[in-house]
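>>> Predicted model, plus sequence, below.
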Amino acid sequence: MITALATAGLGAAVAFRARDDRMEAKPMAEAAVDLIVDRVAKVFPGPQGPVTALSPTSLKLSRGSFVAVIGPSGCGKSTLLRIIGGLETPDQGAVLIRGKSPEQFRAEGELGIAFQDPALLPWRSVRRNVALPLQVLGRRVADHAGQIDALIQLVGLAGYEDALPSQLSGGMRQRVAIARALVTEPSVLLLDEPFGALDQILRRAMNVELQRIWMKSGATALLVTHGIDEAVFLADEVAVMRAKPGRIAEIIPVPFPRPRDPALMTTPEFHEICDHLAALLGEAGDEA
Ligand code: ADP
Ligand code: MG
């Protein structure tokens, strides 16, 4: 246990570790478990033979928690997220979200997903892009007009409701994608490197914004990121993945109270956790 956590006295309360194919029974957080990844594995065909994208991997997220996933390129982060989102089928194992399959959960509009590429429809305005998941679910957009505009405001884009994606900066487009992921008021939010294409300053601003939006939404969040500082700033727990075969090697609790201020990033306690994670990633053979 690293000193910052021991000092805060919170490490043991929230820590559990997923190692290889089994879950070690450490005390779980008191909150209800929202999402269970149970020994999920996936092999893809590759040019030099099969690639084990994920060896049996387990993870639990408690309701309303924020978990970040970090790890070297190709260690299976996106595969894990896609399986949790029901966009990829595991070869083995299962995912249960509040007792339902990901497909069922997604069909009910309870799953919000955002990727690195905001993938907005270029001919649709901000408002109509944000509304898209409602239409996919067959809901009447007119019934949700107030909620759509409130969300656009929440992500700081008030006044841009009728703008087209081509009229927005990269950061603004990413915020549209986040508003779109939230429009069905999902109880679980899956984010795959949503700020990966942004510069450092914008990324910091988006981190603060994401914390605010997530706290307001009450959703359970899983964020894949390359940024150690982003993971530590946002998450209650950071899952460190390793490659060959892809798996979760360690779960590190982050005990800082919320809301977290960007000034937290300048504290020794923050750096201590970042250094610890960097060392774990170093062991994992991260190409950095
Ligand atoms: P990460 O997101 O951590 O970079 P991915 O989950 O995207 O990793 O990929 C894990 C491994 O699985 C990589 O070796 C990748 O090449 C392989 N892989 C992922 N998706 C596919 C696919 N659809 N077909 C074949 N190989 C894939
Ligand atoms: Mg990825």
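Noted; the coordinates are in hand. Ligands and ions are numbered 1, 2, ... in the order given.
>>> what about the stretch 1-150 of the chain, any weak spots by pLDDT?
Within the stretch 1-150 of the chain, the segments meeting pLDDT under 70 span 1-31.
>>> So which residues of it form strands?
18-19, 22-23, 33-44, 51-62, 66-70, 92-97, 111-115 (DSSP state E, counting those that start in this stretch).
>>> Could I get the phi/psi values of Leu222?
With angles defined as degrees, to the nearest 10, Leu222 sits at phi -130, psi 120.
>>> show me what contacts it?
Leu222 makes contact with 35, 61, 67-69, 81, 84, 188-191 under the criterion Cβ atoms under 8 Å, 6 or more residues apart in numbering. Backbone N, C-alpha and C define where each C-beta goes, glycine included.
>>> how about the closest residue to Ile113 other than its chain neighbours, secondary structure?
Setting aside the residues directly before and after it, Ile113 is nearest to Leu190 in space (Cβ to Cβ, 6 or more residues apart in numbering), at 4.8 Å. Here Leu190 is recorded as strand under DSSP: H, G, I helix; E, B strand; the rest coil.
>>> Glu269 contacts Arg260, correct?
No. The pair Glu269 / Arg260 is not scored as a contact, 11.6 Å apart, by Cβ atoms under 8 Å.
>>> Just the pLDDT for Glu272.
The model reports Glu272 with a pLDDT of 97.
>>> Quick check on it: phi, psi?
For Glu272, the backbone dihedrals (degrees, to the nearest 10) come out as phi -60, psi -40.
>>> Neighbours of it, how many?
By other Cβ atoms under 10 Å, 16 other residues sit near Glu272.
>>> and what of Lys77?
Lys77 has 25 neighbours, counted by other Cβ under 10 Å.
>>> Could you report the distance from it to Ile97?
Distance of Lys77 to Ile97, given as Cβ to Cβ, to the nearest Å: 18 Å.
>>> Please identify the residues of this protein in proximity to ligand 1?
Residues of the chain lying close to ligand 1 (Cβ under 6 Å from any ligand atom) are 44, 46, 51, 53, 71, 73-79, 246.
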